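Novice: Got a predicted structure here, sequence first:
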Amino acid sequence: MHMIVIIALIERVVNLKVIIIGGGWAGCATAITAKRAGADVSLYERTDLLLGLGNVGGIMRNNGRYTAAEELINLGAGDLIHITDNNATHKNIHFPSHEHAWPYNVNNIEPEVKKHLINLGIDINTLSKVVKIKKLENKILSIKLENGNFIDGDVFIDATGSTGGMNNCYKYGNGCVMCILRCPTFGGRVSISALAGAKDIVSEREDGSFGAFSGSCEISRESISKDLLDKLDKDGVVTLKIPKEDINLEKLKLKVCQQYALEEFAENLVLLDTGHIKLMTPFYPLDKLRKIKGLEKVRFTDPYSGGKGNSIRYLTAAPRTNDLKVVGIDNLFCAGEKSGFFIGHTEAMCTGSLAGHNAVRYLAKLPPLILPNSTAIGDIISYSNYRVNNTADGKKIKFTFSGAEYFERMKKLGLYSTDNKEIKNRIDKLGLTELYNNKLLHN
């Protein structure tokens, strides 16, 4: 009898389960560190693709993101950085106010990430929209899928992002623009933290209205002139002058990506080679776009209505502590845009990696990891939390390693570096090298 009880307890320890809702960059990063720490990991994504906005984004290692990427590698969570590096279309390209960018090929990236997660033994469930949760007091017991199935878990991670559904784009934007998230097909995003009873934090624009327009569009390679395409293939970036009569400085206030809210981006169109072509503007009227030499036949690929609008992001984030646990819910963590008003793939990977690791620390009854402010990753997580919760304009700020307020802070504190050896030594001196590779739950 005693032996049966002991075996049951051992199986319980071995089979402790992490449930991740949302398969973007944050959700994928979360899955990797949770799996490496020894948990069983299942990821649920409402669409048929992982990576979400990562399927149309494509910019890595620009400005302070280089530092953060190298910190992640040295912390032992460099899997996704290595995949984007291996799929780079160009390396060390420069465009206004951005240095040493590595754009990746958005056409190749998702299958490679999915294959990597499967090879690690992560259970991936696409076309699996979560609609409800089951909860007992301050603890989540299970999630309910749209098909009616309940999925039990021991700890949960909300990586649902901040974009969608259609009603938000209608209410705070220019309507549904048919973007990569495809809410008409797969339904809108559901906030797990809100379902659990947390009071989500609402983001604001400069004028106090809610949300922000996504910062860029994609155009078809086949729809631009051969001269422009040849230059893009060679250099990775093309800058085109906007006709004086079409310059719109007010448009800069709409962008979520405050690192691009510069006059240079109002007076010029910046095109980047990401497999498709990334157009660095939230939207641009098609008839005006076709006035520019080389773009006479141009068309949008994402969003399809990029001549009129873009998706609305950054409406809400979960209240959380610096270990990325959601306030008031015992077994819920958050990552990516859901963990704060963070912009970018690297930022999603950084928060996701920490959330996944801490979710398993919670299961193993270990104290949570809070990354020190002497790391760029630790500093942006704690600084953004302070700004949002303790300053008058905190809900209007978006945080990124690549520009705007946080990059200036990063430089001021001496955290910005492109010296790989220096970054490696930084992590090593803190005793954090390969920390995310430590197995916390054992057979």
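Specialist: Yep, that arrived.

Novice: Where does the prediction get shaky in the stretch 101-250 of the chain?
Specialist: Confidence mapping of the stretch 101-250 of the chain against pLDDT under 70 gives the ranges 247-250.

Novice: got the residue ranges for the helices in it?
Specialist: Under the criterion DSSP state H, counting those that start in this stretch, the stretch 101-250 of the chain contains helices at 109-119, 166-172, 183-186, 192-195, 226-235.

Novice: biggest helix in this structure by residues?
Specialist: helix 345-363 (DSSP state H).

Novice: Could I get the buried residue list for the next helix or strand after that helix?
Specialist: Downstream of helix 345-363, the first helix or strand assigned by DSSP states H and E is helix 376-390. Within helix 376-390, the residues scored as buried using 16 or more other C-beta atoms under 10 Å are 376-385, 387-388. The way it works is simple: take the backbone N, C-alpha and C, and place the C-beta from them, glycine included.

Novice: now for those residues, which pair is the farthest apart?
Specialist: Farthest-apart pair in these is 376 and 388; separation 18.2 Å (C-beta to C-beta).

Novice: So what sits opposite residue 278 in the bridge?
Specialist: Assessed by DSSP bridges, residue 278 has beta-bridge partners residue 218, residue 272.

Novice: gap between the residue nearest the centre of the chain and residue 135?
Specialist: Residue closest to the mean C-alpha point of the chain, counted by C-alpha atoms, centre = their mean, is residue 348 at 3.5 Å. Applying C-beta to C-beta, to the nearest Å, the value for residue 348 to residue 135 is 26 Å.

Novice: same question, residue 207
Specialist: In this view, residue 207 and residue 135 are 37 Å apart by C-beta to C-beta.

Novice: With neighbour numbers in mind, choose between those two.
Specialist: For residue 207 and residue 135, the more surrounded residue by other C-beta atoms under 10 Å is residue 135, and the numbers stand at 16 against 7.

Novice: so what's the more buried one up against?
Specialist: 141, 196-197 (C-beta atoms under 8 Å, 6 or more residues apart in numbering).

Novice: Quick check: bridge partners of it?
Specialist: On the basis of DSSP bridges, residue 135 is bridged to residue 140.

Novice: quick one on the thing from earlier: of the buried residues of helix 376-390, just say which sits nearest to residue 168.
Specialist: Looking across the buried residues of helix 376-390 and measuring by C-beta to C-beta, the closest to residue 168 is residue 388, at 19.6 Å.

Novice: For the closest one, list the residues it contacts.
Specialist: For residue 388, the contact set (C-beta under 8 Å, 6+ apart) comprises 201, 317, 340-341, 394-395, 397.

Novice: Flag every buried residue along stretch 176-191.
Specialist: Under 16+ other C-beta under 10 Å, the buried positions of stretch 176-191 are 176-181, 183, 186-191.

Novice: Tell me where the model's unsure across the stretch 251-400 of the chain.
Specialist: For the stretch 251-400 of the chain (pLDDT under 70), the answer is 251-265.

Novice: separation between the residue nearest to residue 354 when sequence neighbours are not counted and residue 355?
Specialist: Spatial nearest neighbour of residue 354, chain neighbours left out: residue 324 (5.5 Å); criterion: C-beta to C-beta, 6 or more residues apart in numbering. Going from residue 324 to residue 355 by C-beta to C-beta gives 4 Å.

Novice: Would you agree residue 153 is in contact with residue 16?
Specialist: No - with contact defined as C-beta atoms under 8 Å, residue 153 and residue 16 do not form a contacting pair (9.0 Å).

Novice: Those two: which is more packed in?
Specialist: Between residue 153 and residue 16, residue 153 has the larger neighbour count (other C-beta under 10 Å), namely 22 against 19.

Novice: That one: what's it in contact with?
Specialist: 17-19, 42, 140-143.

Novice: swap in residue 318?
Specialist: Neighbouring residues of residue 318 by C-beta under 8 Å, 6+ apart: 158, 191, 193, 198, 200-201, 326-327, 334, 338-339.

Novice: let's see it at 6 Å
Specialist: With contact set as C-beta atoms under 6 Å, 6 or more residues apart in numbering, residue 318 has these partners: 193, 198, 200, 326, 334, 338.

Novice: Keep only those of those residues that are in strands.
Specialist: residue 334 (DSSP state E).

Novice: circling back: mind checking which of the helices of the stretch 101-250 of the chain is nearest residue 212?
Specialist: Residue 212 sits nearest to helix 166-172 of all the helices of the stretch 101-250 of the chain, at 8.6 Å, using C-beta to C-beta.

Novice: by contact count, what packs against that closest one?
Specialist: strand 312-313 (3 or more C-beta pairs under 6 Å, 6 or more residues apart in numbering; DSSP states H and E).

Novice: Quick check: the gap between the residue nearest to residue 364 when sequence neighbours are not counted and residue 96.
Specialist: Residue nearest to residue 364 in three dimensions, not counting chain neighbours: residue 440, with 4.4 Å by C-beta to C-beta, 6+ apart. Distance, residue 440 to residue 96, by C-beta to C-beta: 44 Å.

Novice: Those two: which has the busier surroundings?
Specialist: Neighbours were counted for residue 440 and for residue 96 using other C-beta under 10 Å; residue 440 has more, 18 against 15.
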